[in-house]
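K.L.:
here is my input, please return the structure:
(4 chains)
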Number of protein chains: 2
Amino acid sequence: MATTTAAQRRRRAREEYDAYLATCPSRQLLDRLTDKWVTLILSALADGEQRYSELSRTIAGVSQKMLTQTLRNLERDGILIRSITPAVPVRVSYQLTPLGRSLLPIVQSIKDWAEQHMSVVQDARSRYDAAVAS
Amino acid sequence: MATTTAAQRRRRAREEYDAYLATCPSRQLLDRLTDKWVTLILSALADGEQRYSELSRTIAGVSQKMLTQTLRNLERDGILIRSITPAVPVRVSYQLTPLGRSLLPIVQSIKDWAEQHMSVVQDARSRYDAAVAS
DNA sequence: TGTCGTACTCTCTATTGGGAAGTAGCGACC
DNA sequence: GGTCGCTACTTCCCAATAGAGAGTACGACA
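P.N.:
Just a heads-up that it's a prediction; the model follows:
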């Protein structure tokens, strides 16, 4: 089938790209931390285990779909553990593994940087926008 | 026009969400660091200034559009400086500001974590995939 | 005259993410 | 005994976003 050629080329290219990423650990982790919700979930779980519904309340703005998807990915990576309690309505709770907890200092350092430098960034933005507008 | 109602509701919700984010500095910064290319650009510029074409070669896989877009955002935030040399073909080079350099330790810590823990993550993934397949 | 190099910019298509509605399993209530 | 409600998802649809690749502006040089 000649019609598959373009799709094959794309897939091939994608695989090569993925293979390239696979050779660099920092890029692989980046794919994980680059997800907006990952860092928020990690901070939410910093103080101990949380249920699915608690997480979705804590992390205001996350859709159920994304929460589930991100949690699955993190479970797959061994960063958190999903445990099911077969109670009346089933309870599912999530907690960090030691590996997950080892990521907390990084999340914390991002938070600290933000708190220290956010006003400088705000000023820079205002200045830039004013310069562009003129 | 009744037809704009849905769009208005969406915009309204978006604004409320943005307002919510605005109150939390770590979320604002997250929007910045959460961008896949930001961390890569920061590492690329760690050793000094780079030209546009050098960056696009260093950061294999970035599209021109995304590179330009990300550089503009970082410039706006005061994280890097864009300087134009009006030579024969124009030269544009980018370098980190002190603010940008203050972000480097965070990028570095991500890299370090990755190098130390990537194999553990790989193992966890294999185990998870095997468990799901069975 | 035309083509080359740089740094974009534009357009079109593929992928991703959000919102809302649907599902499963079971207890409780009428 | 039917259906209502709870939790934790899952699915579908559509809008927003990312990426690929072609086009643009500029002046030098052959």
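
K.L.:
am I right that A:Asp129 falls within a helix?
P.N.:
Yes: using DSSP: H, G, I helix; E, B strand; the rest coil, the assignment for A:Asp129 is a helix.

K.L.:
confidence score at it?
P.N.:
Looking at A:Asp129, its pLDDT stands at 89.

K.L.:
I'd say it and B:Arg76 touch.
P.N.:
Yes: using CB atoms under 8 Å, A:Asp129 makes contact with B:Arg76 at a distance of 7.5 Å. From N, CA and C alone the C-beta is placed, and that goes for glycine too.

K.L.:
just the element for the spatially most central residue of chain A, please.
P.N.:
Geometric centre of chain A, nearest residue: A:Val38, 2.4 Å, by CA atoms, centre = their mean. Secondary structure from DSSP states H and E places A:Val38 in helix A:36-44.

K.L.:
quick one: average pLDDT of that helix?
P.N.:
Mean predicted lDDT for helix A:36-44 stands at 90.

K.L.:
what about the helices in chain A?
P.N.:
Applying DSSP state H to chain A gives helices spanning A:5-22, A:25-33, A:36-44, A:52-58, A:64-76, A:98-133.

K.L.:
using JSON lines, lay out these together with distance to B:Leu45.
P.N.:
Putting the helices of chain A into JSON lines (distance: least, CB to CB, whole Å) gives the following:
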{"stretch": "helix A:5-22", "distance to B:Leu45": "20"}
{"stretch": "helix A:25-33", "distance to B:Leu45": "15"}
{"stretch": "helix A:36-44", "distance to B:Leu45": "23"}
{"stretch": "helix A:52-58", "distance to B:Leu45": "35"}
{"stretch": "helix A:64-76", "distance to B:Leu45": "29"}
{"stretch": "helix A:98-133", "distance to B:Leu45": "17"}
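
K.L.:
within range of DNA strand D, give me the residues from chain A.
P.N.:
Contacts of chain A with DNA strand D, taken as CB under 7 Å from any atom of the strand, map to A:13, A:17, A:51-53, A:64-65, A:68, A:71-72, A:82, A:89-93.
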